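Participant: Sequence first, then the predicted structure:
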Amino acid sequence: MQQLTNKVFVAKASELPDKLGKTVQFRGMELAIFKLAGGKVKAIENRCPHKGGVLAEGMVSGEHVFCPMHDWKINISDGKVQAPDHGCVQTYQVEVEDDNIFVMLPDGQ
Amino acid sequence: MRKKKLVLIGNGMAGIHTIEEIIKQAPGQFDITVFGKEPYPNYNRIQLSKVLQGDTEIEDITLNNWEWYEENNITLYAGEAVTSINTKDQVLETDKHRELPYDHLILATGSNPFMLPLPGVEKEGVTAFRDIKDCEEMIAASSKYQKAAVIGGGLLGLEAARGLLNLGMEVDVIHIADYLMERQLDKTAGMMLQKELEEQGMNFLLEKQTASITGKDRARGLLFKDGEKIKADLVVMAVGIKPNIALAKESGIPVNRGILVNDHMKTEIKNVYAVGECAEHKGMVYGLVAPLYQQGQELAKHICGIDSEGYQGSVLATQLKVSGVDVFSTGKINEDSTTKSYKVFDEWRGIYQKVLIDDGKISGAVLFGDTKDGNRLLSLINKGAGIEEYLDGKQSKVTGSGPISEMPSDEIICGCNGVSKGTIIEAIQSQDLKTVEQVKGCTSASRSCGGCSSLVSDILEHTLGDEYHHNQQESICSCTPHTRDEVIEEIKHKGLTHTKEVMNVLGWKSEEGCSKCKPALNYYLGMLNPTEYQDEKESRFVNERLHANIQKDGTYSVVPRMYGGVTNAEELRKVANIADKCQVKLIKVTGGQRLDLLGVKKEDLPNIWSELDMPSGSAYAKGLRTVKTCVGADFCRFGTQDSIGLGVKMEKKFEGLNTPHKVKMSVSACPRNCAEGSVKDVGVVGLDGEFEIYVGGNGGTHMRKAELLAKVKTEQEVMETTAAFLQHYRENASYLERTSAWVERVGIEHVKEVLSDKNTFINLVQRMDEALSIVQEPWKEALEDGRLLRDLYQNVKVPTKSK
């Protein structure tokens, strides 16, 4: 099954804080986008599968974010919760063109 | 192939543990459905007393949240009861007229509280203590009524009574025997327990039998058989439980006291199993978690077709969960004509230990006051050990051959997360684990309440032998083998200047550390080099990064500083106006004598700070929180010193300081110590003509009474001694180590000795001044820095224009 996606402009890379997350609100959904140490930008759902913690405020280490609520460790690239906990969060594809960051988001009905 | 349908009746600990084991053994092989009477996912019933005692919230005792059921494709019907089972056609029916066929059926219906059939038992205000609903009823009653009676002086009754005391009620405990917990304790221990609980405020009526519950619609009191009466607006019945076997019985599944099962937890009906409190195995019905988990594991193996010898019954051990009381008992409790005993009775320190011996073998034990040997005795009994082994072990304990080797591999070490000794050892061996921290990370053992961390440490020692040293300092986290002291040495030696550099130079295993080491390194670097170190926002936990406290729903709370807990009409008016304007959801008076404005959105934080125009109260900081004060000499007829004045001075001096963990202080103006200096990190008590300074107190997780550090004559000396003490703590404690833990570890005498050296003292005070010299008011700093405001406080809102 093919999912229709929208390429949505969210921010300029130069305006994102380093090694921190940013909350992005779009059509009632919330994303957490992260500018990692090397400058790579990633986007995931802003909701920890444990108790709904806001991941955008988590501490970022390498490719992982630690949920600020109960310290669950989540891989920002594939969305997988790290052991000993389990679960996963939705990840979104990011495209960077020059300084512009676009996120591929599901098409709203 | 069609998946086999597995149905579980009873959404409690025993049943769900069985399901977890089945999923572990045979992932995806079964189509699983669970029915539960209560409208909640599986929660930790053992911890209900903690909910009642106010230590924890209902949500925190949830063991498997809704998502867990979803992720594992388990259909959960919560709040739906199974009404009949047709074991011939293997179909069951529910009270919502649902019909469901099964291939395997597990009954885990638990038990019901036993309600004495007294006249008046149906009245309002009479409850059992068994589930969340009961807890809620008791909590609700405590806000309206004052007097409670608990019928039953056993384990459950005492836990309920302690909870009601915490809720502010007066509690009478009525018990039929002549001493408490007579099924688990002997008379000596029972009396010691009673004395201890009386000191906590419980009142006992022993050898009393209730005749009826008095009152009209609601309970108003109890009438006893001897004609005596007491008042009670809440009556909690805690006289025991009985297995819930009604459904099994009606469906023709053979029962006695419980549902009859064999070693594989099979009932006498094909494809029907029973596990937990409702099951009767070899004449025994168990009501404690460890045996229930063992049963669950055996049943899971059987259902998944794994060979095993099955469940062999358990020796029971009991531990009372009432704060401040350590009680343990296992096996046989009272001597008979052939029993010999080994006893230790230290009335002075309140310690009593009795080990019973039959034919040279340990047959039971009762421990009071010091229960460290409990688990060891239990495993000795389980393997049929002689008394010599226990006594030898007692002497050679220092050498290490402790109780671990005697423990069966499936013994649960971490009750919170159900982690067994075998699982921990396997993880240590297969993943090359070396520290408690690593075991915690891989297995979840000791991750919840932390009560078993010393056992985990023992298992590490047992498994690794000489490689593991008990008293070795733990490494900072699993990213590095280096300890705190080593890291600090290296930072000083090599002049390291930021966290990433420390990680690179010292060969961190992960490139950018984790949520443990990043903030720790950030603190150590700042402590060692206050004037030059650039604090790293990204190495701070969200609260300290945003200077507000994050709440469960992602909103924040704002606590402005009110020095010494003093405010005025103008300030209060301002707070009130802002609360209206910003639609603050809740205003709460905090324990630290100030106001907390809750439910503020992140984007609104700068706004509210700007309107308040007050300094941050640092209610989120690993630093000085508040200085609590009593009214003092200006108004109080007992006050001997200006406690408010001194408290305000101290708060102004130390505000904004970074410390290893939070620091709470207080100043009282007389020995009544109304500002509660005995449970503060620094508690100053003013006397006529002098001040006492107490340190290392804690009123939270690890209750500890502060110890006297010094007596001084002037306010100036109070300030300096506090500065020297805090600086010594800053330089020597591990990150996240409270003064209570640190003083306990190094000893108050050691701290006194360090501070008694004049030069050391002066240098500490100077270094404190240096640390304080860089402090900035964080709210103002954010308001004046546009980039900070954008980076940290603003969300991106993507406009919803279409394509």
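Facilitator: In hand now; what should we look at?

Participant: I'd like the next helix or strand past the helix or strand harbouring B:Lys588.
Facilitator: Assigned by DSSP states H and E, B:Lys588 belongs to strand B:586-589. Counting by DSSP H and E, the next helix or strand C-terminal to strand B:586-589 is strand B:595-600.

Participant: Can you confirm whether stretch A:11-23 lies near chain B?
Facilitator: Yes - Stretch A:11-23 reaches chain B (Cβ under 8 Å from any Cβ of the partner chain) through A:11, A:15-20, A:22-23. In this view, the C-beta of every residue, glycine as well, is placed from N, C-alpha and C.

Participant: filter those residues to the buried ones?
Facilitator: Buried members of the residues of stretch A:11-23 next to chain B, counted by 16 or more other Cβ atoms under 10 Å in any protein chain shown: A:11, A:16-17, A:19-20, A:22-23.

Participant: In TSV, list these along with distance to B:Trp66, secondary structure and pLDDT.
Facilitator: TSV is the format used below for these (distance: Cβ to Cβ, whole Å; DSSP: H, G, I helix; E, B strand; the rest coil; pLDDT from 0 to 100):
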residue	distance to B:Trp66	secondary structure	pLDDT
A:Ala11	33	strand	91
A:Leu16	34	coil	92
A:Pro17	34	coil	92
A:Lys19	33	coil	92
A:Leu20	31	coil	94
A:Lys22	29	strand	95
A:Thr23	24	strand	95
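
Participant: Specify the local secondary structure of B:Gly15.
Facilitator: Recorded secondary structure, B:Gly15: helix (DSSP: H, G, I helix; E, B strand; the rest coil).

Participant: what number of residues lie near it?
Facilitator: 28 (other Cβ atoms under 10 Å in any protein chain shown).

Participant: Equivalent analysis for B:Asn72, please.
Facilitator: 15.

Participant: Could you report the pLDDT at it?
Facilitator: B:Asn72 is assigned 90 on the pLDDT scale.

Participant: Give the full set of residues in contact with it.
Facilitator: Listed by Cβ atoms under 8 Å, 6 or more residues apart in numbering or on different chains, the contact set of B:Asn72 reads B:23, B:32.

Participant: Make CSV from the residues of stretch A:11-23 next to chain B and add distance to B:Cys670 to it.
Facilitator: CSV is the format used below for the residues of stretch A:11-23 next to chain B (distance: Cβ to Cβ, whole Å):
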residue, distance to B:Cys670
A:Ala11, 59
A:Glu15, 57
A:Leu16, 56
A:Pro17, 51
A:Asp18, 53
A:Lys19, 51
A:Leu20, 49
A:Lys22, 53
A:Thr23, 51
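
Participant: tell me which of those residues is nearest to B:Ile23?
Facilitator: A:Thr23 (34.6 Å; Cβ to Cβ).

Participant: Hmm, A:Asn46 and the closest one touching each other?
Facilitator: Yes - counting by Cβ atoms under 8 Å, A:Thr23 does reach A:Asn46; the two are 5.9 Å apart.

Participant: which residues are common contacts for those two?
Facilitator: Both A:Thr23 and A:Asn46 are contacted by A:30-32, A:54, A:56, under the criterion Cβ under 8 Å, 6+ apart.

Participant: Which members of those residues are classed as buried?
Facilitator: Applying 16+ other Cβ under 10 Å to the shared contacts of A:Thr23 and A:Asn46 flags A:30-32, A:54, A:56 as buried.

Participant: now for the residues you listed, which pair is the farthest apart?
Facilitator: The widest separation within those, taken as Cβ to Cβ, falls between A:Leu31 and A:Val54 and amounts to 11.0 Å.

Participant: For B:Gly418, state which of the buried ones among the shared contacts of A:Thr23 and A:Asn46 is nearest.
Facilitator: Comparing those against B:Gly418 with Cβ to Cβ picks out A:Val54 as the nearest, at 29.5 Å.

Participant: Please name the residues that touch the closest one.
Facilitator: A:Val54 is in contact with A:23, A:30, A:32, A:46-48, A:68, B:550, B:554, counting by Cβ under 8 Å, 6+ apart.

Participant: and B:Gly526, how many neighbours does it have?
Facilitator: Number of residues near B:Gly526 (other Cβ under 10 Å) recorded here: 20.

Participant: Check the gap between it and B:Trp609 for me.
Facilitator: Look at B:Gly526 and B:Trp609: by Cβ to Cβ, to the nearest Å, they are 23 Å apart.

Participant: and what of B:Gly296?
Facilitator: 52 Å.

Participant: Between the two, point out the one with more neighbours.
Facilitator: Neighbour count, other Cβ under 10 Å: between B:Gly296 and B:Trp609, B:Gly296 has more, with 27 against 24.

Participant: need the residues of the stretch 51-200 of chain B near chain A, please.
Facilitator: B:59, B:65, B:67, B:71.

Participant: let's see 10 Å
Facilitator: With Cβ under 10 Å from any Cβ of the partner chain as the criterion, the stretch 51-200 of chain B comes near chain A at residues B:59-60, B:62, B:65, B:67-68, B:70-72.

Participant: Next, B:Glu93: secondary structure please.
Facilitator: B:Glu93 is classified as strand under three-state DSSP.

Participant: for B:Asn334, same thing?
Facilitator: Classification of B:Asn334 using three-state DSSP returns coil.

Participant: Could you check stretch B:22-33 and say which residues are buried?
Facilitator: Buried residues in stretch B:22-33 (16+ other Cβ under 10 Å): B:22-23, B:29-33.

Participant: could those residues go into JSON lines alongside pLDDT and distance to chain A?
Facilitator: Output for the buried residues of stretch B:22-33, formatted as JSON lines (pLDDT from 0 to 100; distance: Cβ to the nearest Cβ, whole Å):
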{"residue": "B:Ile22", "pLDDT": "93", "distance to chain A": "16"}
{"residue": "B:Ile23", "pLDDT": "91", "distance to chain A": "11"}
{"residue": "B:Gln29", "pLDDT": "90", "distance to chain A": "18"}
{"residue": "B:Phe30", "pLDDT": "93", "distance to chain A": "19"}
{"residue": "B:Asp31", "pLDDT": "93", "distance to chain A": "21"}
{"residue": "B:Ile32", "pLDDT": "95", "distance to chain A": "17"}
{"residue": "B:Thr33", "pLDDT": "95", "distance to chain A": "22"}
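
Participant: Tell me, what's the model's pLDDT at residue 96?
Facilitator: Let's take chain A. So A:Val96 comes in at 91 (pLDDT).

Participant: wrong chain, I was asking about chain B
Facilitator: So, for B:Lys96, pLDDT stands at 90.
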